[in-house]
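Undergrad: Predicted model, plus sequence, below.
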Amino acid sequence: MASEFKTSNQSLHFHGLEGQGTRFNFDNVHDGLSCQTEIFTDVKDIMSAVIEGNNACILSYGQTGSGKTHTLIGNMKSSVNKGLVPRAAQQLCQALKEPSPGCSLQLSMTVVEIYCERIRDLLVDGINNANLTITQDKVRGTMIVGATEAHVASEEEVLATMFQGLGNRAVASTQMNATSSRSHCIVTLMLKRRWDSTEDVAHSKLCLVDLAGSERADKTHAVAQTLEEGKLINKSLSSLGLVVNALTEGKAGAHMHIPYRDSKLTRALQDCLGGNAMTTMIICCSPSMENAAETLSSLRFGSR
Ligand SMILES: Nc1ncnc2c1ncn2[C@@H]1O[C@H](COP(=O)(O)OP(=O)(O)OP(=O)(O)O)[C@@H](O)[C@H]1O
């Protein structure tokens with residue numbers, strides 16, 4: 001049985017559980033009939049910000065199987081159903097061809113995952129890179145030390161690199177999704193701008209984050225390793241929520257400590273979440289009544 005969603009452009013009335021239902025307001029709300037082109041339109045300001053030199057982040061949040069990877073990657077065989085990463089790649093690669101006068105642009109990318117609070121470079125095989133560290137570079141901002149940086153110049157190169165990385169991602173079969181993502185996967189597209197006359201450089205980046213599923217352990221029938229993974233996933237998602245809360249309250253005027261260092265996820269995304277960076281979180285929801293409790297929890301997370 002399906003949960004009941006009544007949606008308008010910016011609000012959603014969710015009536016999946018007992019009671020009167022709950023209304024949520026978001027910048028944009030899409031139902032099952034929306035296509036990927038519409039979702040990309042919602043993030044067009046983010047794309048402009050990155051091309052103009054700011055950092056940005058798009059996070060895909062939701063329980064396992066709710067469509068996070070679908071939203072970011074989509075169906076490559078159909079131009080209508082391509083996800084956000086190929087669309088962002090296309091737009092950034094187009095920008096490479098149209099630099100401002102006296103300026104040149106270069107694009108590079110990293111693909112990493114955070115699995116059980118350990119950062120792994122997905123662009124190399126093997127376990128030697130299984131616990132990379134994070135540093136704060138004076139010029140480039142938050143960096144993952146030792147992550148392979150691939151130079152890319154076309155959408156095809158971005159996608160080939162991304163799929164090479166995704167092939168190495170940690171997945172497990174849970175009761176809710178046969179190939180459930182058990183890690184947070186971060187695809188970072190980095191734009192370097194260089195002025196010919198002064199040789200000055202400026203960096204901006206877009207982090208596209210496929211978060212691990214926010215499921216409850218009892219629903220997935222998780223045992224041992226999967227259960228431990230689940231606990232760490234939930235802990236890091238909760239840290240993300242606390243950082244988002246602190247940033248929102250900080251904007252309201254209070255001088256808040258932002259707990260970026262409480263998880264690898266928030267530390268890795270530090271300069272794409274706060275300051276002048278633009279952040280969009282996409283909350284993916286299951287239409288099934290069976291998942292109503294998770295859906296409500298995801299909607300509450302997104303409305304912080
Ligand atoms: N809006 C959609 N339209 C068509 N198919 C979808 C949609 N959302 C999800 N799916 C399909 O549902 C399945 C699960 O989706 P997906 O892998 O994106 O979930 P997920 O949230 O990333 O799960 P996990 O956290 O377990 O990795 C996939 O086969 C995907 O193609």
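TA: Looks like it came in fine.
Undergrad: Next one, pLDDT for the residue in the stretch 51-200 of the chain that the ligand sits nearest to please.
TA: Shortest the stretch 51-200 of the chain-to-the ligand distance, computed as C-beta to the nearest ligand atom: residue-wise this is Gly67, at 2.8 Å. Where you see a C-beta, it was placed from the backbone N, CA and C, and this is true even at glycine. What the model reports as pLDDT for Gly67 is 92.
Undergrad: Please report phi then psi for the closest residue to it other than its chain neighbours.
TA: In space, and not counting its chain neighbours, Gly67 is closest to Cys284: 4.3 Å by C-beta to C-beta, 6 or more residues apart in numbering. Main-chain dihedrals, Cys284, degrees, to the nearest 10: phi -100, psi 130.
Undergrad: try Gly241
TA: Dihedral pair for Gly241: phi -60, psi -40, per degrees, to the nearest 10.
Undergrad: What number of neighbouring residues does it come out with?
TA: 16 (other C-beta atoms under 10 Å).
Undergrad: Please give the element, helix or strand, for the closest residue to Thr280 other than its chain neighbours.
TA: Leaving aside its sequence neighbours, Thr280 sits nearest to Ile58 (C-beta to C-beta, 6+ apart; 5.0 Å). Counting by DSSP states H and E, the element that carries Ile58 is strand 56-61.
Undergrad: Dig out what the residue most central in space within the chain forms beta bridges with.
TA: Centre of the chain computed as the mean C-alpha position; nearest residue by C-alpha atoms, centre = their mean is Val209, 2.0 Å away. Applying DSSP bridges to Val209 yields these beta-bridge partners: Leu59, Ile186.
Undergrad: what's it in contact with, if anything?
TA: Cys57, Ile58, Leu59, Ser60, His184, Cys185, Ile186, Val187, Leu269 (C-beta atoms under 8 Å, 6 or more residues apart in numbering).
Undergrad: Relative to Ile58, how far out is Gly243?
TA: In this structure residue 243 is Val, not Gly. Taking C-beta to C-beta, to the nearest Å as the measure, Val243 and Ile58 are separated by 16 Å.
Undergrad: Quick one: the helices in this protein, in order.
TA: For the chain, the helices defined by DSSP state H occupy 36-42, 44-52, 68-72, 84-96, 155-166, 217-220, 224-251, 264-268, 270-273, 292-302.
Undergrad: Enumerate every residue touching Arg23.
TA: Contacts of Arg23 were listed using C-beta under 8 Å, 6+ apart, and they are Ser11, Leu12, His13, Phe14.
Undergrad: Now the buried members of these.
TA: Buried residues within the contacts of Arg23, counting neighbours by 16 or more other C-beta atoms under 10 Å: Leu12, Phe14.
Undergrad: between the contacts of Arg23, which is closest to the ligand?
TA: Leu12 (15.6 Å).
Undergrad: I'd guessed the closest one sits against Leu299; true?
TA: Yes - taking C-beta atoms under 8 Å as the definition, Leu12 is a contact partner of Leu299 at 7.2 Å.
Undergrad: Give the residues shared as contacts by these two.
TA: Joint contacts of Leu12 and Leu299 (C-beta under 8 Å, 6+ apart) are Phe24.
Undergrad: circling back to that earlier point, quick check: which of the helices of the chain is nearest to Thr142?
TA: helix 270-273 (4.4 Å; C-beta to C-beta).
Undergrad: quick one: buried residues of the closest one?
TA: Neighbour-count burial for helix 270-273, with 16+ other C-beta under 10 Å as criterion, is recorded at Gln270, Asp271, Cys272, Leu273.
Undergrad: what residues are up against the second one?
TA: Contacts for Asp271 (C-beta under 8 Å, 6+ apart) come out as Asn55, Gly141, Thr142, Ala277.
Undergrad: Now for these, which sits with the most neighbours around it?
TA: Asn55 (28 neighbours).
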